[in-house]
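Undergrad: Compute the structure for the input listed below.
(2 chains)
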Protein chains: 2
Amino acid sequence: MRILLIGATGTIGSEVARALRVDHEVVSAGRTTGDVQVDLSSPESILNMYTQVGSIDAVVSAAGSARFGPLAELSDSDYQFSLRNKLMGQVNLVRIGRQFVNDNGSFTLTSGVLAREPMPGSSAISMVNAGLEGFVRAAQLELERGLRVNVVSPVWVAETLKALGRDSSSGMPAAQVARAYVAAVTGNLRGAVLDVREYI
Amino acid sequence: MRILLIGATGTIGSEVARALRVDHEVVSAGRTTGDVQVDLSSPESILNMYTQVGSIDAVVSAAGSARFGPLAELSDSDYQFSLRNKLMGQVNLVRIGRQFVNDNGSFTLTSGVLAREPMPGSSAISMVNAGLEGFVRAAQLELERGLRVNVVSPVWVAETLKALGRDSSSGMPAAQVARAYVAAVTGNLRGAVLDVREYI
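TA: Presented below is the predicted three-dimensional model:
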């Protein structure tokens, strides 16, 4: 397969790239790095990316930013940023990409455990993660030509915790998280939320 | 209790008003009707509403619009409208209202069955409903002074189906849907999604 991977240099994305490259061709996309550049917050940029990349069999997104912070401190623009990037950015990968992906191809997006298991500070992130999962369940019902869409829900990644100076032993190594992405791309799931803890 | 009800003249809202008025004072809010007017898509309008209404013990929202339509036809602005109204409108009722509601007061919002049980055409609605549920679960963790937030998930309402010219026998009468709102306001639930089918 020829697979477009957005966020290929991120903590999770780099391990997803490594895992997918064993058997497939990976075209990498990032804000400033990769084979092609994309700004997820811009539908025009997404359209431009697909036009540049050409024929693909799968799209994987390990990208999308959202704001973490106290409910009392998150601003209107923090919520708007989160909606525009992690939520609508990935929604638009499907809305725009459905015309570009080959028959029986797939989209694999990224939400996160905070959708269902929130913590103080996660109100905007929990909102966009859960919203993305709701979109995926619904969008699958209207995809044609055998297209599939799924969303991987990572837990805290060990490398991320370490970078934050926190105890990384409670996190999952990114290489293990990547297995759920491979399962979504190579399997037959449709409209599913993949909890990474079920794929290690 | 003195309860602010947004959407008090809607199909569900009018039955929620009727049920709450048995034991409580209801201050009604609507776009063009009610004791006070509010445009949910405007944080300034929400702030203005709370300032006008004064001391309240509970906020109930049976309001918030979102766009239904084929994935291939929903536009960027249809998604933005849905995010701004049904999702951020209700999120902002909590974000702004948390300073106005009395100790141990509550917020009760409205999502819908399409969050978990989508249908063709519901991609935007399923997204905002699920996002709202994610926000509610997370926001509860940071509410102070004993405040509670919950979200009622209605199924198709019989009166709505009838108004659409469809078979109303599969729908739930609005008066039954209203029971979940009363349970959320008068009970002790915190950060919960109330499936109306469990409250008839």
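Undergrad: And the longest helix anywhere in chain A, what does it pack against?
TA: Longest among the helix segments of chain A by residue count, using DSSP state H, is helix A:123-139. Helix A:123-139 is packed against helix A:76-82, helix A:88-97, strand A:148-153, strand A:193-195, helix B:123-139, with contacts defined by 3 or more C-beta pairs under 8 Å, 6 or more residues apart in numbering or on different chains; DSSP states H and E. No exception for glycine: its C-beta is placed from N, CA and C like everyone else's.
Undergrad: how about the ones you listed in CSV, adding mean neighbour count and distance to residue A:161?
TA: Output for the helices and strands packed on helix A:123-139, formatted as CSV (neighbours: other C-beta atoms under 10 Å in any protein chain shown; distance: least, C-beta to C-beta, whole Å):
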stretch, mean neighbour count, distance to residue A:161
helix A:76-82, 17, 21
helix A:88-97, 24, 23
strand A:148-153, 26, 17
strand A:193-195, 18, 18
helix B:123-139, 30, 20
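Undergrad: For residue B:28, which of those is the nearest?
TA: Residue B:28 lies closest, by C-beta to C-beta, to one member of the helices and strands packed on helix A:123-139: helix B:123-139, at 21.7 Å.
Undergrad: now the angle between helix B:88-97 and that closest one, please.
TA: On the basis of axes from the mean of the first three to the mean of the last three C-alpha atoms, to 10 degrees, helix B:123-139 is oriented at 20 degrees to helix B:88-97.
Undergrad: Chain B contacts on chain A?
TA: A:43, A:70-72, A:74, A:76, A:79, A:83, A:87-88, A:91, A:95, A:98, A:114-116, A:118-135, A:137-139, A:141-143 (C-beta under 8 Å from any C-beta of the partner chain).
Undergrad: residue with max distance from the center of chain A?
TA: What lies farthest from the middle of chain A is residue A:72; by C-alpha atoms, centre = their mean that is 27.7 Å.
Undergrad: What residues does the residue lying closest to residue A:2 once chain neighbours are set aside make contact with?
TA: Nearest non-adjacent residue to residue A:2, counting by C-beta to C-beta, 6 or more residues apart in numbering or on different chains: residue A:25, 4.7 Å away. Applying C-beta atoms under 8 Å, 6 or more residues apart in numbering or on different chains to residue A:25 gives the contacts A:1-3.
Undergrad: Most neighbours among the residues you listed, which one?
TA: Neighbour tally across the contacts of residue A:25 (other C-beta atoms under 10 Å in any protein chain shown): the maximum, 24 neighbours, falls on residue A:3.
Undergrad: Please, which helix or strand holds that residue?
TA: Per DSSP states H and E: residue A:3 is located in strand A:2-6.
Undergrad: got the angle between the next helix or strand after that strand and strand A:148-153?
TA: Note on strand A:2-6: by DSSP H and E, the next helix or strand toward the C-terminus is helix A:11-20. Interaxial angle, helix A:11-20 versus strand A:148-153 (the same axes, to 10 degrees): 130 degrees.
Undergrad: Give the buried residues for helix A:11-20.
TA: The neighbour-count check on helix A:11-20 (16 or more other C-beta atoms under 10 Å in any protein chain shown) flags A:11-17, A:19-20 as buried.
Undergrad: Equivalent analysis for stretch A:46-53, please.
TA: Of the residues in stretch A:46-53, A:46-50, A:53 count as buried by neighbour count, 16+ other C-beta under 10 Å.
Undergrad: Could you list the paired strands of the strand holding residue A:3 along with their orientation?
TA: strand A:25-30 (parallel), strand A:56-61 (parallel) (DSSP bridges).
Undergrad: Dump the ones you listed to CSV, plus mean pLDDT and distance to residue B:172.
TA: Formatted as CSV, these follow (pLDDT from 0 to 100; distance: least, C-beta to C-beta, whole Å):
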stretch, mean pLDDT, distance to residue B:172
strand A:25-30, 98, 46
strand A:56-61, 98, 37
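Undergrad: Now do the worst-scoring helix or strand of chain A on mean pLDDT: distance to the chain's middle.
TA: The helix or strand of chain A with the lowest confidence, counting by mean pLDDT, DSSP states H and E, is helix A:158-163 at a mean of 94. Using C-alpha atoms, centre = their mean, to the nearest Å, the mean C-alpha position of helix A:158-163 is found 18 Å from that of the whole chain.
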